[in-house]
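>>> Following is a predicted model, sequence given first.
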Amino acid sequence: MCVENTPPPSGRLTRRGVLAGAAALAGTSAVLAGTAPAASASSGTRRGEAPGRGGDLVVEGGRLLDPATGEVTEDAVVVIAGGVVRAAGSRGRVGRVPGGVPVLRAHGQWILPGLVDAHIHLNTAAEARDAVLKGATSARSGSTNFYQDIAVRELARQAPEQAPRLRAAGVFVTPDLGDTILADPDLAPLARLRDGVRSAEALRRVVEVNLARGADTIKTRVNERAGLPEQDPLVQVYDHEQLSTIVAAARRRGKGVLCHSYSEKGCHDAVTAGIRSLEHGAFVGERTLHEMRRRGTYFTPTLTAIAGLAESSDPVLAERGRTYLPVLKRAVLAAHELGVPLAAGTDSSGGTVDPIGREVELMHAAGLSPLDAIRTATTGAAKLLGLDSTAGRLARGFAGDVLVVDGDPLADLGVLSRPARVVRAGFAVPAA
């Protein structure tokens with residue numbers, strides 16, 4: 001059986017209905033219903049971002065760290081208007097600040113740009129807000145079952161203090177879609193496929209439906225999952241040809257692909273098929289890392305998730321985590337030394353949001369300097385997400401996303417997991 005004669009994904013009416021259901025599941029509709037009207041309009045809009053709210057705020061005092069240069073500015077001032085940084089630097093350089101604007105005083109503290117979580121699963125509005133409170137002001141989805149990440153992305157555009165700026169991946173391109181087929185009538189024809197989503201027609205179908213629903217990127221896999229004891233994460237589920245089909249379908253619409261991976265052969269097949277970023281990749285080898293450097297393929301190792309396996313009560317998962325983590329750390333250091341671009345991602349899922357600062361700590365534990373580790377969650381991850389002129393720095397024209405921490409992150413990266421204050425698009429986010 002095949003799906004080659006199935007009509008193309010249907011139009012706006014179906015999309016509206018599907019995404020309304022996703023919003024209901026994610027709880028974003030209820031949050032938006034209780035949100036006050038926008039106080040500041042599209043002056044905070046960046047290229048590629050939908051119009052939304054943006055706040056006015058001055059952050060003053062403290063030391064400002066620019067991850068791009070490593071420069072530290074004493075007694076810094078950051079002026080945010082309409083959700084966008086208008087000035088940032090020393091008090092003498094910034095000069096007079098606007099009157100009548102809320103002020104966040106950061107004397108004795110450090111000021112950084114909001115962090116970027118390049119691999120997270122946000123299924124609900126509550127999870128999205130938790131991610132912001134833990135320092136992730138921008139993020140990329142690692143997929144959801146029923147397009148909830150697309151609903152969260154819309155929440156972030158309308159009420160930025162409630163959710164990270166998000167690149168949504170929609171539903172997983174995987175052999176067994178399971179109940180995800182119920183999410184969308186345009187996926188229903190795939191239910192009759194005895195072998196699951198494996199043919200070129202079926203693979204293209206899932207990509208096309210995702211893009212028709214508004215996904216920003218495509219998520220697929222080459223190996224089974226490490227987090228399920230009954231699966232072997234070194235077993236390959238898609239080959240090079242199938243992965244190439246997925247990549248080609250995404251590229252036709254100008255989108256990239258992130259790929260769940262573990263085995264060296266799987267990693268190599270995924271990279272040479274043209275994926276944008278390799279996720280997990282514990283056993284990625286030297287030949288593949290060289291290919292990644294040549295192609296500019298990103299590596300998002302999700303060390304936090306692998307470290308979490310080692311703490312599992314399931315003996316299979318605990319042993320897997322203890323075995324994989326040191327291997328993955330060595331791969332991260334080898335990638336860094338070769339010049340492969342790295343991005344920090346927690347792979348948070350299941351209702352628990354890990355602080356992105358923990359991933360930065362683990363990058364450092366793998367051998368990166370504190371500044372290079374911070375870059376994986378700022379300038380590096382922002383570039384992967386196509387937000388390199390929006391996120392990752394506090395400079396004129398960048399988003400007014402700020403992290404205030406109690407201590408020097410270059411001396412103690414642990415402070416990033418315990419932000420004293422978070423500012424999202426010029427709004428100081430109240431603690432839960």
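All right, it came through fine. Numbers count the residues shown, from 1 in each chain.

>>> Confirm R375 sits in a strand?
No: if the criterion is DSSP: H, G, I helix; E, B strand; the rest coil, then R375 is helix and not within a strand.

>>> Quick check: it vs P113, distance?
The spacing between R375 and P113, counted by C-beta to C-beta, to the nearest Å, is 11 Å. From N, CA and C alone the C-beta is placed, and that goes for glycine too.

>>> For these two, indicate the residue with more neighbours.
Using other C-beta atoms under 10 Å as the criterion, R375 and P113 rank with P113 on top: 32 against 25.

>>> quick one, what contacts that one?
When contacts are counted by C-beta atoms under 8 Å, 6 or more residues apart in numbering, P113 is found next to P67, T137, T378, A391, G392, R393, L394, F398, D401, V402, L403.

>>> same thing with H268?
Under the criterion of C-beta under 8 Å, 6+ apart, the neighbours of H268 are G285, R287, T288, E291.

>>> which of these has the most neighbours?
Ranked by neighbour count (other C-beta under 10 Å), those have T288 at the top, with 27 neighbours.

>>> Name the residues of the host helix or strand of that residue that are buried.
Using DSSP states H and E, T288 maps to helix 286-295. Of the residues in helix 286-295, T288, L289, E291, M292 count as buried by neighbour count, 16 or more other C-beta atoms under 10 Å.

>>> Show the subsequent helix or strand relative to it.
Heading C-terminal from helix 286-295, the first helix or strand you meet, by DSSP H and E, is strand 298-300.

>>> related to what we said a few turns ago, a markdown table please, covering the contacts of H268 and showing distance to V316 and pLDDT.
Formatted as a markdown table, those follow (distance: C-beta to C-beta, whole Å; pLDDT from 0 to 100):
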| residue | distance to V316 | pLDDT |
| --- | --- | --- |
| G285 | 25 | 98 |
| R287 | 30 | 98 |
| T288 | 26 | 98 |
| E291 | 32 | 98 |
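
>>> could you give the mean pLDDT of the lengthiest helix in the chain?
Longest helix in the chain, counting residues (DSSP state H): helix 315-338. Looking at helix 315-338 alone, the average pLDDT works out to 98.

>>> which other residues reach that helix?
226-227, 229, 233, 280-284, 286, 289-290, 292-293, 299, 301, 303, 306-312, 342, 362-363, 365-368, 372.

>>> Just the ones of these in strands?
Secondary structure assignment by DSSP state E places H280, F299 of the contacts of helix 315-338 in strands.

>>> Of the contacts of helix 315-338, keep whichever come out buried.
Burial by neighbour count, 16+ other C-beta under 10 Å: within the contacts of helix 315-338 this picks out 226-227, 229, 233, 280-284, 289, 292, 299, 301, 303, 306-309, 312, 342, 362-363, 365-366, 368, 372.
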